[in-house]
Each structure stands twice: as structure tokens, then as C-alpha cells.
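Colleague: Model the following, please.
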Amino acid sequence: MSEKLPQQPDNEEVDLGQLFNAIGRVFEKFFAFIGRIFKGIFSAIIYTIKPLIVYFKFVAVGLLIAIILGFILDKKSGPMYASKMIVEAHFDSKYELVSSIDYFNALIKSNNIAELSEIFELDSAYTSKLKGFELDAGPVTQNDLFVEYDTYLKSIDTSLVDQLEYEEYVSNRDLLSGSIYTITAKANKQDIFLKLDEGFRKTFENDFSKRQKRIRDTLADIERLTLTTELSRLDSIQKTYLEVLMNESKKKDLSFGINTGLPLQEENSITKEYDLFLKEQEIRRNLNYLNKKVAEKDTYFDIVSPFDKLGVEDKKLHTRYYVIFPILAILLFILGFMVIRVFKFIKDYE
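Modeller: Below is the predicted model of the structure:
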């Protein structure tokens, strides 16, 4: 009598089936989670715009009133003109420039016309038309950034050079990193901008920048005196050396060449004269470089591009009240509706 052996299930197939089922459940939960997120975002959007649809008539009336008020205010304030001036700040006067721009805007916001008139040395009829100033870094080219980066690397510890890549340096630049700035002035009067130069001149010529310039000039004078003294001493050495050579030539018999019949100079004397000549040229180059550097930066700021004689009318939509007021009206309506719903929920909550 033959015995039938019980068939054993394939454990490997069972394990694979359970694994695939587990993976399927994980993907199911993941897609369900993503679906709930999108459903939540969609519900939030619908819940936000729902009061605009439900109370459409009130919203339309409110928007119409906001647009009318915006047009009236735009007409009352008159056209807005803008002009730009590009300057290069020297002797760390950029710090005072940033501070002064904020101060000017604060005076305009507080309607302190008297202080503005004193700063810019203008009649109040002009300064009352000022509407604000903006300060932006640049413009700079890629070459300017490379030069700035190279100057920065030379100014820091050599052990830190490898820790700051060029891309990281550029991404971390801020308003005070460079020395070239664009100043944008805005006013309701088109021909006011050329009259603003005096106020900005005072901004750059502040006590700190004057002290920086005095320090630079003092160090330049010391270095110039050192170079000229060294050059004078070198000239004396050259004259003395030539006198010694002439005296020696009179005492010694000159040797002549076999074929040419010309006096042969000693190789050592030629070498010394050439070394003195090279040293003199080096000192003169350093002196010329010093004078050039002082001459190139002898003012507190340079105007790269001045303000225009007549400003350009600013027609940007985001600066118009008939655009700003309707947007604010919608936001306030939605915010008010949500506040009312929150209060109602809190009141009815038990």
C-alpha cells in the first residue's frame, strides 16, 4: 500500500505575494494621502472664494466704489514721475547713503517739508512734490563681480579662501557689498530731479567718509615721501658711482680691444649701473601708481549717470490706486467673512 505524502506550500511564493500586497497597500495609502492634500487645497480655495459668489452684489458694489475712489485719488495726486541716478561711493560713504535714503523717506512720509527743504536747499514748493526714494545695488557686470570677488579674497585670511566659492559669494551679496548704486527719485513734479544733487552731495560728504579720506591722504603722503626720498638717495648713489668710475678711469690704463681699438669696460661696473637703473624704474613706477590711485579716487562719490532733466512718468499698474484699492477691498471682505465665521463657530461651540 502506497503512502501519499502531503504537498507542502511553496514558502517563497507565499512570501513574495505578501511582499507585493504590502507594497500595494503602501502605495494605496500614499496616493490617498496625496489625494487628501489636493482635496484640502481645493476645499480651502472654494471656501475662500465662496463669500465672493454668495455676496456677489455687495462685492460688485464695493469694487466699484474702490475703483472710483482710486481714480479720484490718482487724479488728485497727479502723475508720478521717476528719474534714476547711478553713483559710485568712495571712502565707505555708502553706509551713510543707505541711512539717508531711509531718513528722506521717513521725512516724506511724515510730511516734514521744512527739513527736506533744508537738506536739499530747495523751496518747499519743490520738496512738497517729492514722493520717495529707492536704492538698489548695481548695475554690475560679470567682470565687475569677478574683480570684486578677487579683491575680497585678497582682503581675507588665506586659510578661508577655499571655503568661499564664487557662486556662493555672489549669492550672499547684499546692498552694501558693492560700491555702485542706483538711486531712484519719485515726485509729482517733472523737472525737480536735477535740483536734488546738493542734498546727495551732503550725504556722501559725511564725517565718517571725511575721516576715511584724511587717513588715505595721510598714508599716501607718507608713502610718496618715502618713495621720493628713496629716489633722491638713489640718484645721489648713481652720481657718486659715476664719479668714482671717472676717477678710476683716469688712474688706470684703459685696455683696448685687439681689433677694434675701443676701451673695454669692466663687466662688474655694467651690472651695477643696470641694477641701479632697474631700481630707479621700480621706484618711479610705484610713485606713478600711487599718484594715479589718489587721483582716481579724490572725491567722496562719482556720478556715473546723473538724474534726467525731466522725469519719466511712472505708469506701473501696481502703483495705481484704482488697482490697489479693489485688491484691498477684496482681501478685507474675505478676512471679515472669515472672522465672522470664526466668532460664530466659537459662540455656538459647546
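
Colleague: Surely Asn286 and Leu227 touch.
Modeller: Yes - Asn286 lies in contact with Leu227 (C-beta atoms under 8 Å); the separation is 5.8 Å. (Glycine included, C-beta is placed from N, CA and C.)

Colleague: Could you check which of those two has the larger neighbour count?
Modeller: With neighbours defined as other C-beta atoms under 10 Å, Asn286 and Leu227 compare such that Leu227 has more, 20 against 16.

Colleague: which one is that one nearest to, not counting chain neighbours?
Modeller: Nearest residue to Leu227, sequence neighbours excluded (C-beta to C-beta, 6 or more residues apart in numbering): Leu287, at 4.6 Å.

Colleague: ditto for Phe58
Modeller: Spatial nearest neighbour of Phe58, chain neighbours left out: Phe333 (7.9 Å); criterion: C-beta to C-beta, 6+ apart.

Colleague: number of nearby residues for that neighbour?
Modeller: Using other C-beta under 10 Å, Phe333 is surrounded by 17 other residues.

Colleague: The residue nearest to Leu227: neighbour count?
Modeller: Leu287: 17 neighbours (other C-beta under 10 Å).

Colleague: after the helix or strand in which it is found comes which helix or strand?
Modeller: Assigned by DSSP states H and E, Leu287 falls within helix 267-296. Using DSSP H and E, the next helix or strand after helix 267-296 towards the C-terminus is strand 301-305.

Colleague: mind listing the helices in the stretch 201-350 of the chain by residue range?
Modeller: 207-251, 267-296, 321-348 (DSSP state H, counting those that start in this stretch).

Colleague: In JSON lines: those helices, plus mean pLDDT and distance to Lys309.
Modeller: Putting those into JSON lines (pLDDT from 0 to 100; distance: least, C-beta to C-beta, whole Å) gives the following:
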{"stretch": "helix 207-251", "mean pLDDT": "83", "distance to Lys309": "28"}
{"stretch": "helix 267-296", "mean pLDDT": "79", "distance to Lys309": "28"}
{"stretch": "helix 321-348", "mean pLDDT": "82", "distance to Lys309": "28"}
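
Colleague: which stretches of this protein have low pLDDT?
Modeller: Applying pLDDT under 70 to the chain flags the ranges 1-17, 157-163, 244-245, 248-271, 317-319, 350.

Colleague: Could you list the domains of it?
Modeller: Domain ranges of the chain: 20-73+324-348, 79-211+302-315, 220-249+263-299, per automatic domain parsing.

Colleague: Need the winner for burial among those.
Modeller: Highest mean neighbour count of those: domain 79-211+302-315, a mean of 15 (counted as mean count of other C-beta atoms under 10 Å).

Colleague: returning to that earlier point: relative to Gln281, how far out is the residue nearest to Leu227?
Modeller: Note on Leu287: its distance to Gln281, by C-beta to C-beta, to the nearest Å, is 11 Å.

Colleague: what do you get for Leu153?
Modeller: Leu153 is 30 Å from Gln281, by C-beta to C-beta.

Colleague: picking up where we left off before, put together a markdown table for the helices of the stretch 201-350 of the chain, with distance to Ile34 on each row.
Modeller: Below are these laid out as a markdown table (distance: least, C-beta to C-beta, whole Å):
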| stretch | distance to Ile34 |
| --- | --- |
| helix 207-251 | 58 |
| helix 267-296 | 62 |
| helix 321-348 | 27 |
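
Colleague: ok now do the residue nearest to Phe58, which residues does it touch?
Modeller: Shown in contact with Phe333 (C-beta atoms under 8 Å, 6 or more residues apart in numbering): 51-52, 55, 58-59, 62.

Colleague: 10 Å instead?
Modeller: Neighbouring residues of Phe333 by C-beta atoms under 10 Å, 6 or more residues apart in numbering: 51-52, 55, 58-59, 62-63.

Colleague: Leaving out sequence neighbours, find the closest residue to Val59.
Modeller: Nearest non-adjacent residue to Val59, counting by C-beta to C-beta, 6+ apart: Leu52, 5.3 Å away.

Colleague: What separation is there between the one you found and Phe42?
Modeller: 16 Å.

Colleague: Equivalent analysis for Phe337, please.
Modeller: Counting by C-beta to C-beta, the gap from Phe337 to Phe42 is 19 Å.

Colleague: quick one on the thing from earlier: any residues in contact with both of Leu287 and Gln281?
Modeller: Counting by C-beta under 10 Å, 6+ apart, nothing touches both Leu287 and Gln281.

Colleague: re earlier: turn the contacts of Phe333 into TSV, columns for distance to Gln142 and secondary structure.
Modeller: Putting the contacts of Phe333 into TSV (distance: C-beta to C-beta, whole Å; DSSP: H, G, I helix; E, B strand; the rest coil) gives the following:
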residue	distance to Gln142	secondary structure
Pro51	51	helix
Leu52	48	helix
Tyr55	54	coil
Phe58	55	helix
Val59	50	helix
Gly62	50	helix
Leu63	47	helix
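
Colleague: now these in JSON lines, with distance to Asp217?
Modeller: Listed next are the contacts of Phe333 as JSON lines, based on distance: C-beta to C-beta, whole Å:
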{"residue": "Pro51", "distance to Asp217": "68"}
{"residue": "Leu52", "distance to Asp217": "67"}
{"residue": "Tyr55", "distance to Asp217": "71"}
{"residue": "Phe58", "distance to Asp217": "70"}
{"residue": "Val59", "distance to Asp217": "67"}
{"residue": "Gly62", "distance to Asp217": "64"}
{"residue": "Leu63", "distance to Asp217": "63"}
